[in-house]
Every structure is written in structure tokens, then in C-alpha cells.
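>>> Structure for this input, please:
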Amino acid sequence: MVPPTGLKGRQRNLAVIVRKQERPPFWRNATILKWAAQLSFLFGFIAIAAVVIPQVQDNLEGQNLTFGWDWLRGRLGFLIREGIDTDPDTGARTILTGAVNTLRVTISGVIAATLLGTIIGIGRLSSNWLVNRLASLYIETIRNIPLLLWMFFWIAVVAFFNIIDPTLEGSVEAGSYFLTFTRKGIGSAWIQPWGGFYQWAIWLLIGAVAGYFVHKRQFRIKETTGQETYPNLSALGVLLVFAVIGWFAHPVFSFVGHGAEFIATIIGAIPTIGLQIALAAAAIFLGYWWINRFLDERRTPAGLAKLTDDDWFRMITAALLALVFAAFFLMFSGLARGALDVSEDFFGRWLAPKFDSTTNVVDLPISEIEAQLASGLLLEDIAAEQELLLNAELLNLSRADIDAALASGLTARRIYEAEINNPDGTRKDTNPWGERLVFVPPKKLVDGLTAGVAVEIDEALGDGLITPAEAGAELQKIKDRANAPLRWSKAEVFAPRDGFLDLSPTSGIVITRGFFAVWIAVTLYTASFIAEIVRAGILAVSKGQTEAASSLGLSRSQSLRFIVLPQAFRIIFPPLGNQYLNLFKNTSLGLAVAFPDIVAVGQTITNQTGQTVPVILIWMGFFLGGSLILSSIVNFYNRRLQLVER
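Okay, the predicted model is just below:
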């Protein structure tokens with residue numbers, strides 16, 4: 001048969017067969033499979049939680065352990081070696097003290113490790129053979145030995161410091177020192193924040209804000225006109241002007257303390273259920289805000305863009321999380337009660353006293369102290385009497401009881417502890433007094449008086465080296481200087497009681513054994529890794545940049561400062577953030593050298609209360625939150641350092 005020819009034949013050959021499109025079966029449908037996988041994971045997670053949580057509760061009940069947060073409000077009954085509160089009266093403040101100790105190591109360690117690591121990294125690229133080899137030796141030695149061994153090494157080094165025991169030959173003697181190394185820690189002279197520091201700090205903050213705007217203005221003029229306006233020096237000058245004014249005018253901000261007390265009063269009046277409802281409402285609002293912002297990002301001028309399956313799943317997940325958190329806040333009142341207690345404690349017991357320019361707890365005129373010294377008493381005796389008077393109502397003591405206690409040498413502390421302790425010395429489960437004892441050491445008699453100076457005055461009076469009138473004059477001088485924002489203070493070794501010497505915590509700066517071992521170990525260890533990051537970042541900068549700097553007549557240091565390092569930091573900063581996170585988490589090893597960080601304090605709380613799971617949850621939340629904050633700061637500066645592309 002002859003195939004058709006012509007136009008008709010060609011049209012017949014070009015005919016297209018159109019078939020009806022059929023939907024794939026559900027087991028091959030990508031949308032259904034995606035939703036099934038995500039929903040399976042979600043409900044699987046809920047099912048695992050539903051099985052694990054009751055099992056944990058049964059195991060805790062089988063061991064007579066409970067899960068709760070009441071211990072955050074009660075007194076735990078143990079002391080902490082160092083921190084913002086060595087004798088905390090609540091579990092929340094105990095945890096806070098450990099957390100602050102961890103942050104002290106982290107913040108100072110990050111700064112020191114960055115500076116040291118940068119210097120060592122530059123040293124590895126030095127053309128000086130000795131500097132290069134020493135930097136290499138430091139890096140290879142420090143980073144190849146486990147961090148925990150370094151902590152053990154440095155805590156062992158402390159054993160070679162000076163003895164601080166008056167019963168042994170060669171012991172450190174009582175007195176003031178610029179620098180002293182003892183087996184109880186390192187004492188050094190230091191510029192201390194004093195009575196008016198926090199009022200002065202507000203002036204510094206105002207000066208810093210004003211200096212920022214001056215710097216911004218001067219820099220803009222320089223960029224526009226090319227005229228040298230010295231923006232950095234101008235900003236520094238503004239800050240110094242406010243610092244000088246604030247040094248004399250800082251008392252005007254004493255009202256901030258009253259404001260803090262007012263806030264604490266308001267917080268104390270908030271019912272727990274009120275905060276629970278507020279937190280639940282905040283959770284729902286945040287979920288709504290996130291979903292609304294998510295939709296706005298996908299909205300087009302013509303209306304709402306078509307949402308994908310992933311978009312719907314994200315919005316549903318956000319809504320479910322908001323509802324879950326809202327239900328959690330409403331069902332568990334312990335978290336809200338703890339938040340109220342911590343907030344009230346922060347504003348009322350910590351912040352407000354900082355603006356009172358006073359450190360004493362008794363209102364005893366210098367003339368009266370001088371009169372009692374003339375009657376043959378010492379500052380220690382006066383303090384013991386004032387402690388009994390202040391706690392008379394708590395201890396149910398009459399004036400006759402106080403006189404009898406003074407005559408027999410019985411202190412308020414011994415009366416108090418006789419009731420709260422068992423005969424074997426352990427702490428009772430309940431405190432019959434219901435309140436905390438107000439302690440009055442001699443240093444609390446006069447504003448600005450330190451423990452070491454109080455002991456020196458008592459010893460001088462006892463030996464007849466000074467008269468009560470001279471002692472009163474010296475106390476008046478100390479009180480007159482108590483309102484200064486800063487003071488220069490030497491380290492003091494004093495005798496709080498016979499046959500015992502210690503470093504005064506109120507003079508100079510004291511670095512304890514545990515802090516020394518943890519801080520120097522994590523700083524040196526992290527610096528070794530930072531040094532390699534800095535070296536790699538410098539090598540990543542094109543060699544032509546260095547050659548161009550040399551051709552302009554810049555020295556090697558000027559080339560590093562103005563050309564190489566600014567470009568290298570764009571490469572260095574991302575991995576640098578990882579080292580900061582490692583340093584933060586490595587501080588948890590301080591438990592091994594008895595440093596009271598949040599892990600060590602939490603371990604003691606677990607032993608005291610048996611609340612293992614809540615303490616672990618606090619650990620996880622603290623380190624997770626701290627890591628996220630550190631990452632956010634690093635990412636913020638990393639974005640600022642990136643080149644802006646057109």
C-alpha cells in the first residue's frame with residue numbers, strides 16, 4: 001500500500017495522542033508520604049514520652065525519691081566555698097551562685113584565651129626561630145594532653161605555694177600584701193568596686209551611650225569631608241568627662257535602689273496563678289506572632305502565595321508547641337513560683353542594696369563604738385552583742401538572756417545552730433525558727449571596714465598600741481571613704497580566730513585553688529586551638545596583600561594590624577565561636593578539682609534532696625541557653641564582618 005502523500009498525509013502523521021492524567025497511588029504519592037513520615041515521627045515521640053515519663057516516676061517512687069521544684073524555695077543547709085553568696089538561703093540562690101561561678105570562668109577565660117591564642121598564632125608565623133619553636137611547642141604540648149589532666153596538674157601546683165598555717169614554720173604571716181601565693185589561694189592587690197560603684201556605673205553607661213553617638217557623628221564627618229576628626233579619641237573623651245562628673249555626683253542615682261525595692265514588692269504581690277496565666281498567654285501569642293510573620297514572608301502583592309506541605313507542617317508544629325507550652329505553664333505551678341522568688345530575690349536582696357552605699361547591718365554611731373572600746377571591749381565583742389540584739393526576736397531572747405549569753409561567751413550563731421541541728425551535727429529537715437539568722441561579723445559594724453582591718457584594730461587595742469580614741473578616728477576615716485566608687489586594696493591575710501589564718505574575701509582580689517586550676521587549664525587549653533585557627537586565617541589571606549603593604553612602606557606589625565588581621569578575622573571568627581562553646585562546656589570539669597560551678601553545686605543539691613532529674617534539667621537548660629547566647633553573639637559579629645556584595 002502506498003503511504004498517503006500531501007498535506008493530508010502529513011497531518012495524519014503529526015497527530016498527538018492525549019491521555020488522561022491519573023493520580024499516583026497513595027503509597028507513591030510524595031505529599032502523602034511526607035505527611036505520613038512527619039506525623040509518624042511526631043506521634044512516635046509523644047508515645048515514647050508517654051511511656052518513659054511514667055516509668056521514671058515509678059522508679060523515683062520505688063527509691064522514695066520525688067520530682068518537684070519546692071527545693072528551689074527552701075534552705076538547703078550547706079555552704080559554698082566561693083561566689084556571690086556563700087551561705088544561700090534558698091535553693092534557687094544556690095543554683096544561681098554556681099551558675100555565676102561558671103560564667104566568671106567562661107567570660108574571663110574567653111577574653112584571655114582569645115588574646116593569648118592570637119599572640120601564639122602570630123608567633124607561629126614569626127621569622128624568629130626561637131619564637132616560632134616556642135609557639136609550636138606550646139600548641140603541641142597543651143592541646144595533646146587531656147584537659148582534665150591539666151586541671152589536676154594545676155591543682156597540684158598549688159601545693160607548692162606558701163603555707164598559711166601559724167602553727168607551722170615558714171607560714172605566711174598576717175598582714176597586707178601586693179601579691180601572695182598561698183595554699184588556700186592567690187591574693188593580689190586590686191581596684192575594688194566600693195560603696196558608690198553602681199551609682200557611678202550608671203554615669204559610665206550614660207557616657208558610653210553619648211560617646212557612641214559622638215563617635216558615629218565624627219566618623220560620618222570624616223567619611224564625608226576627609227578631615228581627621230579623631231572619632232575614637234572623641235568618644236573616649238566624652239566617656240572620661242562623664243566618669244569624672246559621676247565620681248562626685250554619683251549619689252544622685254541612689255533612688256534606683258528604692259525603685260528596685262518597689263519592683264520587688266510588686267513581684268512579691270503577684271499571685272502564682274497570675275504569672276502562670278501570663279506565661280501561657282505569652283506562649284500562645286508567640287506562636288501566633290511566628291505564624292503571622294511566616295505568612296507575611298510568603299505574601300505577594302497579589303495576595304497570599306501558595307503554601308507547600310512543609311509550610312503547613314511548620315505552622316501546625318508552631319501552633320502545637322505554643323499550646324503545649326501554655327498547658328505546661330498552667331499545669332505546673334513550681335516554675336512560676338520559682339521565677340517569682342528568683343525575681344524578687346534579685347531586685348530586693350541583690351540589686352536594691354547595691355545602691356544604698358552601705359555594707360553594714362547595724363546602725364551604731366562611731367562615738368558609741370569608741371565608748372564601748374574605751375570600756376575594754378573589742379570590735380569582736382561589740383559585733384557579738386549586736387548580733388544577739390538583732391536576732392533577739394527570732395531567738396526569743398530577753399535582755400537578761402542576752403547579758404547571760406555575753407557573760408558565758410555564747411553567740412547567737414551557737415544558739416541558732418543548737419536548734420536547727422541534730423545532736424550528731426546533721427541539719428534537721430525543718431527549721432524551728434522559720435527564718436535565717438542575721439550574722440554580724442566585726443566588719444559589718446562600720447561602712448567600708450574589712451575583716452582584716454577589723455582584726456588589726458582589735459590586735460592593736462589588745463596590745464595597747466593605739467587608744468580607743470585613735471581607733472575611733474581610724475573607723476571614722478574608713479566610713480568617710482566608704483561611699484567612693486572604687487578603692488585600691490591590698491590582699492590581706494588575717495586571723496579570724498586564734499590559731500587560724502585565711503585570706504580576707506573583702507580585700508584585694510582572691511583567686512581560690514579551684515578557680516585557679518579550672519581557669520588556667522581551660523584558658524591555656526582553648527588558646528592552643530585558637531592559635532592554630534589564627535595561624536590558618538592569616539595564611540588564608542592572599543600573599544599579595546602582604547606584598548602590597550610592604551610596597552607602601554608599612555612595617556610587619558602595621559601590615560598585620562591594618563591589612564592582614566582585619567581580613568583574616570572574617571575567616572577566623574566562625575571556628576572561633578566553636579572554641580568559645582567548648583570552653584563554656586569544659587568548665588563543667590571543675591567538679592574534679594572541687595570548684596563550685598553549677599555542676600558541682602547541683603551535685604551537692606542532688607545528694608541533699610535526691611532531686612536528680614530536676615537538677616539535670618537545670619544543667620541542660622543552663623548550658624543549652626548559654627551556648628545559644630554565645631552562638632548568637634558570634635553569629636552577630638560574623639555577619640558584621642562579612643563583605644557586603646552588590
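
>>> what's the closest non-adjacent residue to Ile291?
Spatial nearest neighbour of Ile291, excluding adjacent residues (Cβ to Cβ, 6 or more residues apart in numbering): Met315 at 5.1 Å. Yep, even glycine has a C-beta here, placed from its N, CA and C like the rest.

>>> and what of Glu492?
Going by Cβ to Cβ, 6+ apart, Glu492 has Gly452 as its nearest residue, at 3.1 Å.

>>> how about the strands of the chain, start to end?
175-177, 179-182, 185-188, 190-193, 299-300, 303-304, 486-489, 491-497, 500-503, 509-511 (DSSP state E).

>>> Any chance of these in JSON lines with distance to Ala282, mean neighbour count and mean pLDDT as columns?
Shown next, in JSON lines, are the strands of the chain (distance: least, Cβ to Cβ, whole Å; neighbours: other Cβ atoms under 10 Å; pLDDT from 0 to 100):
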{"stretch": "strand 175-177", "distance to Ala282": "53", "mean neighbour count": "17", "mean pLDDT": "80"}
{"stretch": "strand 179-182", "distance to Ala282": "50", "mean neighbour count": "18", "mean pLDDT": "85"}
{"stretch": "strand 185-188", "distance to Ala282": "44", "mean neighbour count": "22", "mean pLDDT": "86"}
{"stretch": "strand 190-193", "distance to Ala282": "35", "mean neighbour count": "14", "mean pLDDT": "86"}
{"stretch": "strand 299-300", "distance to Ala282": "25", "mean neighbour count": "10", "mean pLDDT": "74"}
{"stretch": "strand 303-304", "distance to Ala282": "27", "mean neighbour count": "8", "mean pLDDT": "62"}
{"stretch": "strand 486-489", "distance to Ala282": "40", "mean neighbour count": "16", "mean pLDDT": "85"}
{"stretch": "strand 491-497", "distance to Ala282": "48", "mean neighbour count": "20", "mean pLDDT": "75"}
{"stretch": "strand 500-503", "distance to Ala282": "46", "mean neighbour count": "19", "mean pLDDT": "76"}
{"stretch": "strand 509-511", "distance to Ala282": "41", "mean neighbour count": "18", "mean pLDDT": "86"}
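
>>> mind putting the ones you listed in JSON lines, distance to Arg28 included?
What follows is those, written out as JSON lines (distance: least, Cβ to Cβ, whole Å):
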{"stretch": "strand 175-177", "distance to Arg28": "81"}
{"stretch": "strand 179-182", "distance to Arg28": "75"}
{"stretch": "strand 185-188", "distance to Arg28": "71"}
{"stretch": "strand 190-193", "distance to Arg28": "70"}
{"stretch": "strand 299-300", "distance to Arg28": "32"}
{"stretch": "strand 303-304", "distance to Arg28": "30"}
{"stretch": "strand 486-489", "distance to Arg28": "75"}
{"stretch": "strand 491-497", "distance to Arg28": "77"}
{"stretch": "strand 500-503", "distance to Arg28": "75"}
{"stretch": "strand 509-511", "distance to Arg28": "68"}
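
>>> Ile571 is nearest to which of the ones you listed?
strand 509-511 (35.0 Å; Cβ to Cβ).

>>> Which neighbours in the sheet does that closest one have, and how are they oriented?
Sheet pairing for strand 509-511, assigned by DSSP bridges, gives strand 185-188 (antiparallel).

>>> ok now the strand it pairs with, how far from the chain's centre?
How far strand 185-188 lies from its chain's middle: 22 Å, per Cα atoms, centre = their mean, to the nearest Å.

>>> which outside residues touch it?
161, 177-180, 491-493, 503-504, 507-513, 515-516 (Cβ atoms under 8 Å, 6 or more residues apart in numbering).

>>> what about the strands of the chain, which gets the closest to Phe636?
Here strand 299-300 is closest among these (Cβ to Cβ), at 27.6 Å.

>>> Over to Leu465: give its phi and psi.
phi -80, psi -30 (degrees, to the nearest 10).

>>> Contacts only, for it.
So Leu465 contacts nothing (Cβ under 8 Å, 6+ apart).

>>> Against Ala189, how distant is it?
24 Å (Cβ to Cβ, to the nearest Å).

>>> do Ala473 as well
25 Å.

>>> Pick out whichever of the two has more residues nearby.
Ala189 (18 against 14; other Cβ atoms under 10 Å).

>>> so the residue nearest to Glu492 touches Val510, yeah?
No - in this structure Gly452 lies outside contact range of Val510 using Cβ atoms under 8 Å: 11.4 Å.

>>> Which segments of the chain make up each domain?
26-62, 91-151+511-641, 197-257, 270-354, 366-484 (automatic domain parsing).

>>> Work out the gap between stretch 621-633 and the centre of the chain.
Using Cα atoms, centre = their mean, the offset of stretch 621-633 from its chain centre is 11 Å.

>>> actually stretch 547-559, not the one I typed
The answer for stretch 547-559 is 42 Å, by Cα atoms, centre = their mean.

>>> Go through the strands of the chain and name the closest to Val238.
strand 486-489 (20.0 Å).

>>> Can you say which of the strands of the chain is nearest to Ala92?
Per Cβ to Cβ, nearest to Ala92 of the strands of the chain: strand 190-193, 24.4 Å.

>>> From Gln227, how far off is the residue nearest the centre of the chain?
Nearest residue to the geometric centre of the chain (Cα atoms, centre = their mean): Leu103, 3.4 Å. Per Cβ to Cβ, Leu103 is found 44 Å from Gln227.

>>> quick one: buried residues of stretch 259-268?
Neighbour counts over stretch 259-268 (16 or more other Cβ atoms under 10 Å) mark Ala260, Glu261, Ile263, Ala264, Ile267 as buried.

>>> Buried residues, stretch 208-215. List them.
Buried, per 16+ other Cβ under 10 Å, within stretch 208-215: Gly211, Val214, His215.

>>> what's in contact with it?
Pro231, Asn232, Ser234, Ala235, Leu236, Val238, Leu239, Phe242.

>>> shouldn't Leu581 be in contact with Ser627?
Yes - counting by Cβ under 8 Å, Leu581 does reach Ser627; the two are 5.4 Å apart.

>>> contacting residues around the residue nearest to Ile291?
Ile291, Phe294, Leu295.

>>> now do Phe153
Ala521.

>>> returning to that earlier point: the contacts of Met315 in helices, which ones?
Ile291, Phe294, Leu295 (DSSP state H).

>>> Would you write a ChimeraX line that selects the buried entries of the residues you listed?
Listed next is the ChimeraX selection for buried residues among the ones in helices among the contacts of Met315, using 16+ other Cβ under 10 Å:
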select :291
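
>>> closest to Ser557 among the ones in helices among the contacts of Met315?
Looking across the ones in helices among the contacts of Met315 and measuring by Cβ to Cβ, the closest to Ser557 is Phe294, at 50.5 Å.

>>> which stretches of the stretch 1-150 of the chain have low pLDDT?
1-22, 26 (pLDDT under 70).

>>> ranges for the helices of it?
6-13, 30-62, 91-124, 129-143, 147-157 (DSSP state H, counting those that start in this stretch).

>>> Please list all residues in contact with the spatially closest residue to Leu148 that is not a sequence neighbour.
Closest residue in space to Leu148, ignoring its immediate chain neighbours: Leu589 at 5.5 Å, by Cβ to Cβ, 6+ apart. Counting by Cβ under 8 Å, 6+ apart, Leu589 makes contact with Leu147, Leu148, Met151, Val518.

>>> out of those, who's nearest Gly117?
Using Cβ to Cβ, the contacts of Leu589 come closest to Gly117 at Leu147, 15.2 Å.
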